[in-house]
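Participant: below is the sequence, then the predicted model.
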Amino acid sequence: MTTVQAARGVVLSGSGGVWRVRLENGETIDASLRGRLKKSDSGKRADGSLRRDTVSSAASKLKLAVGDDVRVEPGERGSAWAIAEILPRRSKLARRAPGGGRGERLIAANVDQVVIVFAAANPEPHCRMLDRFLVIAEANDLTARIIINKVELVGEGKVRERFADYERAGYPVHLTAVKTGLGLAALREVLAGRRSVLTGPSGVGKSSLINTVFPGANLRVGEISESVNKGRHTTVGAVMLPLPDAEGGYVIDTPGLREVGLWELPVESLDRCFPEIASRRDECRFADCRHVSEPACAVREAVRTKEISAERYDSYLHLRDELESARTE
Ligand code: GDP
Ligand code: ZN
């Protein structure tokens, strides 16, 4: 029997204990988690062993995720592959486990940015929802970008104006129109060579954008995860799709990001998820200022002078309310 070399790859999806891994040579293989797995940041196990039938629960304990860089080796029977090592992560997208969760639920690893797509119209953009996506990115220390598509329906000037608050808060806002080609070259540059979580409401043009900018990507956002999940009992999290001719660029489609209500952020961390609040909160009289009704609040003062947008502040108050009442339940 010839010995097959170990190889490196990246996890594209996982279901029922089987992980789809894309090797460095471009080949895609299925692999399971090996018993004595070398890991970079997972907890200790008492005996270090792992039975075959517990692979999937062990996987969640070891927190292997889409986007993880792994080393794979030929499995014991020579045919199947086994994941032998999870390489160190540079970032992650995670949320607290639902149900009062201890610990966190890992959604994807090695994410370079969160790309949030809305339409200028049809459907109308909901800034409250945009703010939630931004908070999720900030809570995970991930760079966020905003794409406004279908700009030709409204006009560039009006769209710039409508989203000026976001640019002022420090978020790059890209205007695109699949219909006219506006902003597509710039979008390509932003996605190439990076691993991007792609999110936003349905119907805003995510699939159209990706398929136009990367012909052959064949993306149906929101449906890839469903098709992978078909006929299996395990819930599939994120799915990562290699972009053709994109210097190692991937987009990550994750249904989990859309159910933003389930994210259990500690309310104390909300301030730092709004850059324009984070930069002013030190000037509030009280160190534990909630920026709701406290006197000498620098945040409310900035809202009054319109340095902080009233809409963004309103989103902040709603999220604060939600997180505070979730905690007392
Ligand atoms: P997704 O659900 O976000 O993936 O959205 P789709 O890519 O499926 O697009 C939804 C609809 O919007 C389709 O009918 C597209 O043809 C249309 N669409 C996409 N981009 C544009 C655009 O720039 N302008 C206009 N007017 N329609 C667009
Ligand atoms: Zn304050």
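Facilitator: Everything's here; your move. Ligands and ions are numbered 1, 2, ... in the order given.
Participant: tell me which residue of the stretch 51-200 of the chain lies closest to ligand 2.
Facilitator: Residue of the stretch 51-200 of the chain nearest ligand 2, by CB to the ion: A169 (16.9 Å). Just so you know, the C-beta spots here come from the backbone N, C-alpha and C atoms, and that holds for glycine as well.
Participant: per-residue confidence at that residue?
Facilitator: pLDDT recorded at A169 is 95.
Participant: so how far is N211 from it?
Facilitator: 30 Å (CB to CB, to the nearest Å).
Participant: on that earlier part again, burial measure for the residue of the stretch 51-200 of the chain closest to ligand 2, as a count.
Facilitator: 17 (other CB atoms under 10 Å).
Participant: that one reaches Y313, doesn't it?
Facilitator: No. If you go by CB atoms under 8 Å, A169 and Y313 don't touch, sitting 11.4 Å apart.
Participant: any shared contact partners between these two?
Facilitator: Counting by CB atoms under 8 Å, 6 or more residues apart in numbering, no residue touches both A169 and Y313.
Participant: where's L265, which helix or strand?
Facilitator: Per DSSP states H and E: L265 is located in neither a helix nor a strand.
Participant: neighbours of the residue nearest to it when sequence neighbours are not counted, just the number please.
Facilitator: Nearest residue to L265 in three dimensions, chain neighbours excluded: A139, at 5.4 Å (CB to CB, 6 or more residues apart in numbering). For A139, the count of nearby residues is 19 (other CB under 10 Å).
Participant: and the pLDDT at A139?
Facilitator: What the model reports as pLDDT for A139 is 90.
Participant: got the residues of the stretch 1-150 of the chain near ligand 1?
Facilitator: Counting by CB under 6 Å from any ligand atom, the positions of the stretch 1-150 of the chain adjacent to ligand 1 are 149-150.
Participant: same check on the stretch 201-329 of the chain?
Facilitator: Residues of the stretch 201-329 of the chain lying near ligand 1 (CB under 6 Å from any ligand atom): 202-208, 221.
Participant: so for those residues, which is the shakiest by pLDDT?
Facilitator: On pLDDT alone, V221 ranks lowest of these, at 60.
Participant: that older thread, which of the residues of the stretch 201-329 of the chain next to ligand 1 ranks first by neighbour count?
Facilitator: That'd be K206 among those, by other CB under 10 Å, with 26 neighbours.
Participant: for that one, give me phi and psi.
Facilitator: With angles defined as degrees, to the nearest 10, K206 sits at phi -60, psi -50.
Participant: dump the residue contacts of it.
Facilitator: 117, 198, 200, 219, 221.
Participant: can you do 10 Å?
Facilitator: Shown in contact with K206 (CB atoms under 10 Å, 6 or more residues apart in numbering): 115-119, 147, 149, 198-200, 219-222, 251, 253.
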